[in-house]
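S.K.: need the 3D shape of this:
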Amino acid sequence: MSDDPRHALARRIYERSHITGEFTLRSGAKSNEYFDKYLFESDPRLLKAIAEALVPLVPPGMDALAGLEMGGIPIATMLSQLTGLPMLSVRKKAKDYGTCKIAEGGQVKGRKLLIVEDVVTSGGAILDAAKALREEGAVLAHVVCVIDRESGGPANLAKVDLALKPLFTMSELKQAVA
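M.R.: Numbering: from 1, shown residues only. Next up, the predicted model:
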C-alpha cells in the first residue's frame, strides 16, 4: 500500500484496534493478536470513515443491509446513513418473546440483503445468520466486512454461494504499519 487515504485508514484501524495477548476466536482458533472491533466501532470519526470506504463495495440492486449482532450493527447503521438503504439488525438467535424475529427493522422475505459484518475469521457467524435469513425468505449473495482475518472465511462462505468483499485483509492492515 502507498501513503494514500486507503493506507491511512488501514493504519488508523490497526492502531486503534490491534491488541496482543492470548485470545480464543469465535471459530475456536487461538491467536496471539486480536482486532477489537468495538474500539474502531466506538470511535465516531473512524466508524464513519470505515463506512464511507465500504460504500463502493455495496453491490447494486440491494434492498437492505443486514447488520449482524453485535459488531455488524453499528457498521450497517452508518452505511445505511451513507447509502440510503434501509438496515436490519440480525440477531444471533431469534428471541423467544415479543415478535420472535431473527431480524428486526423490516421485512426479510423476498428482499435482496447485503450482510454486513465487522471481522471475519471462519465465517461461522455469517453462515449461521445466512441460514436463518434464507429460512425467512431472504435473497443472499453478498457479504461485506471490515477485516478478513484470512482464516478460511471467504472459502467457507463460497460453499453456500456467498461472496465476501472485505474492506481490508489482516495482511493489508499489518502492511499499513510496517
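S.K.: next, count neighbours for G106.
M.R.: 14 (other CB atoms under 10 Å). No exception for glycine: its C-beta is placed from N, CA and C like everyone else's.
S.K.: what sits against it?
M.R.: Counting by CB atoms under 8 Å, 6 or more residues apart in numbering, G106 touches A64, P86, L88.
S.K.: which among those residues count as buried?
M.R.: Buried by 16 or more other CB atoms under 10 Å: A64, P86, L88, out of these.
S.K.: list the contacts for D43?
M.R.: For D43, counting by CB under 8 Å, 6+ apart, the contacting residues are R16.
S.K.: repeat that for V90.
M.R.: A66, G67, L68, E69, G72, I102, A103, I115, A129, A132, L133.
S.K.: buried residues in the helix or strand where the last one lies?
M.R.: When you say that, I think you mean L133. Assigned by DSSP states H and E, L133 belongs to helix 124-135. Buried positions in helix 124-135, judged by neighbour count with 16+ other CB under 10 Å: G124, A125, I126, L127, A129, A130, A132, L133.
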